[in-house]
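Novice: Okay, sequence plus prediction incoming.
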Amino acid sequence: MRTKSEAVSAAEVMTHQVVTVTSGSTVATAARLMQDHNVQRLPVVAESASIVGIASRGDLLTAFTPSAERGRSANL
């Protein structure tokens, strides 16, 4: 078996046990999963299990930050 640095295909380097959220999950649930599993991004899946997007820590920070604060931080 090759190491990840010797990999030829994406299947050889991918994460096999993927943590996901459904499109109906709350932002708080996504944040908790990221924290519990120490991941930076979560695939967002539909009920059919197809991927509909990716939620990142940055996306969650934006959701938790009031819009007035986001405007001020952009000016720093």
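Specialist: Yep, it's here.

Novice: can you pull out the helices in the chain?
Specialist: Along the chain, the segments classed as helices by DSSP state H run 10-13, 27-37, 57-64, 67-74.

Novice: Next, format the ones you listed as JSON lines and append mean neighbour count and distance to Thr3.
Specialist: Every C-beta, even on glycine, is put in place using the N, C-alpha and C of the backbone. Shown next, in JSON lines, are those (neighbours: other C-beta atoms under 10 Å; distance: least, C-beta to C-beta, whole Å):
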{"stretch": "helix 10-13", "mean neighbour count": "10", "distance to Thr3": "9"}
{"stretch": "helix 27-37", "mean neighbour count": "14", "distance to Thr3": "23"}
{"stretch": "helix 57-64", "mean neighbour count": "13", "distance to Thr3": "28"}
{"stretch": "helix 67-74", "mean neighbour count": "9", "distance to Thr3": "41"}
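
Novice: With Ala46 as the reference, name the closest of those.
Specialist: helix 27-37 (15.1 Å; C-beta to C-beta).

Novice: So which elements touch the closest one?
Specialist: In terms of contacts (3 or more C-beta pairs under 8 Å, 6 or more residues apart in numbering; DSSP states H and E), helix 27-37 is packed against strand 21-22, strand 41-45, helix 57-64.

Novice: Could you point out which of these sits nearest Arg2?
Specialist: strand 41-45 (25.0 Å).
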